[in-house]
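A.B. asks: Prediction below, plus the sequence it came from.
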Amino acid sequence: MAPTLFRLILGMVALYAFMRGSRDERLVGVICVTGALATHLLISPLRERFASVEIPVMMVDLAVFAGFLLVALRSSRFWPLWVAGLQLTTMLGHVLKSIDLSLLPRAYGASMTFWAYPIVLILAVGTWRTHRRLIHQSRDLPTG
């Protein structure tokens, strides 16, 4: 998927999380957007991209993982654990490239980008479920 299309989808899901989500969804939305922006600014030029370990991107991914993990540890919901786990898988891509520098740049690049899509999908579903739960809870409140 083209980076521009991903950024558009991420922006729409993050906006949805801000409008309809709880604290968890909003925090994950902020972490996703901040991580995507930082990665865009820090990634190597296209000609050199993924030829060696992308240290600045690895630092961003580590910070994103730490943020997701903090949300997951404080949350009463299960979906933030999935997001943190998928981000950990992204971190393993950096570890593998560090271990084997001959890892193909395309394989390394794919490992850096692939898990972002399910993370955004999980954020969208988590936001939808939270919004639906809040609607049902407000209907169940006694009026008086």
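C.D. replies: Happy to help now that I have it.
A.B. asks: Could you give the number of residues near Leu101?
C.D. replies: The number of residues packed near Leu101 is 10, by other C-beta atoms under 10 Å. From N, CA and C alone the C-beta is placed, and that goes for glycine too.
A.B. asks: Ok, Val95 next?
C.D. replies: A count of nearby residues for Val95, using other C-beta under 10 Å, gives 11.
A.B. asks: Secondary structure element holding it?
C.D. replies: Taking DSSP states H and E as the definition, Val95 sits inside helix 79-99.
A.B. asks: model confidence over that helix, on average?
C.D. replies: Mean pLDDT, computed over helix 79-99, is 96.
A.B. asks: which other helices and strands contact that helix?
C.D. replies: If you count contacts as 3 or more C-beta pairs under 8 Å, 6 or more residues apart in numbering; DSSP states H and E, helix 79-99 packs onto helix 23-42, helix 55-74, helix 105-113, helix 116-140.
A.B. asks: show me where pLDDT drops low in the chain?
C.D. replies: The model of the chain has pLDDT under 70 over residues 1, 140-144.
A.B. asks: Return the set of buried residues in the helix holding Val95.
C.D. replies: Using 16 or more other C-beta atoms under 10 Å as the burial criterion, the residues of helix 79-99 that qualify are 79-84, 86-87, 90-91, 93-94, 97.
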